[in-house]
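Visitor: mind folding the following:
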Amino acid sequence: MPLLDPAGPDVVTLTFTGCGTRADLMSPEVGLDIHVADVPAATDDTDGDDLVLVGHCHSGMLLPGVADARAQRLRSGVFVDATT
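Guide: Okay, the predicted model is just below:
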């Protein structure tokens, strides 16, 4: 993220299972539970316990599930034009 990186935070972006460049992984089993699991898989390698999750659009439905799974590492969640 070119605008955020110079400001100092580590930024992790991800593509959910079955979407975009990971479309080949789409199956009938892929749903919200799989997408909720995608987030910790992408962030578990990051340092610290001060995560800020930003959910845009479909991701807004995932933030509560991710927050439950990683409450000890989460500082806050931000909904941006998100479905809740």
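
Visitor: alpha carbons only for contacts and neighbour counts from here, please
Guide: OK.

Visitor: following the longest helix along the chain, which helix or strand shows up next?
Guide: The longest helix of the chain (DSSP state H) is helix 32-43. Per DSSP states H and E, helix 32-43 leads on to strand 51-57 as the next helix or strand towards the C-terminus.

Visitor: packing partners of that next one?
Guide: When contacts are defined as 3 or more C-alpha pairs under 8 Å, 6 or more residues apart in numbering; DSSP states H and E, strand 51-57 packs onto strand 74-82.

Visitor: residue closest to the middle of this structure?
Guide: Val39 (4.1 Å; C-alpha atoms, centre = their mean).

Visitor: so what's that residue up against?
Guide: Residues near Val39 by C-alpha atoms under 8 Å, 6 or more residues apart in numbering: Leu14, Val66.

Visitor: then Ala42?
Guide: Ala42 makes contact with Val12, Leu14, according to C-alpha under 8 Å, 6+ apart.

Visitor: one more pass at 10 Å, please.
Guide: Ala42 makes contact with Val12, Thr13, Leu14, Thr15, Phe16 under the criterion C-alpha atoms under 10 Å, 6 or more residues apart in numbering.

Visitor: can you tell me which of those residues are buried?
Guide: Buried members of the contacts of Ala42, scored by 16 or more other C-alpha atoms under 10 Å, are Phe16.

Visitor: so which of the contacts of Ala42 is the closest to Pro6?
Guide: Nearest to Pro6, judged by C-alpha to C-alpha, of these is Val12 at 14.0 Å.

Visitor: so that closest one touches Thr46, yeah?
Guide: Yes: the pair formed by Val12 and Thr46 meets the contact definition of C-alpha atoms under 10 Å, at 8.6 Å.

Visitor: and the gap between Met47 and Thr15?
Guide: One thing to correct before we go on: residue 47 is Asp, not Met. Computed as C-alpha to C-alpha, to the nearest Å, the Asp47 to Thr15 distance reads 20 Å.

Visitor: pLDDT weak spots in the chain?
Guide: Across the chain, the ranges flagged by pLDDT under 70 are 1-2, 4-5, 7-8, 83-84.
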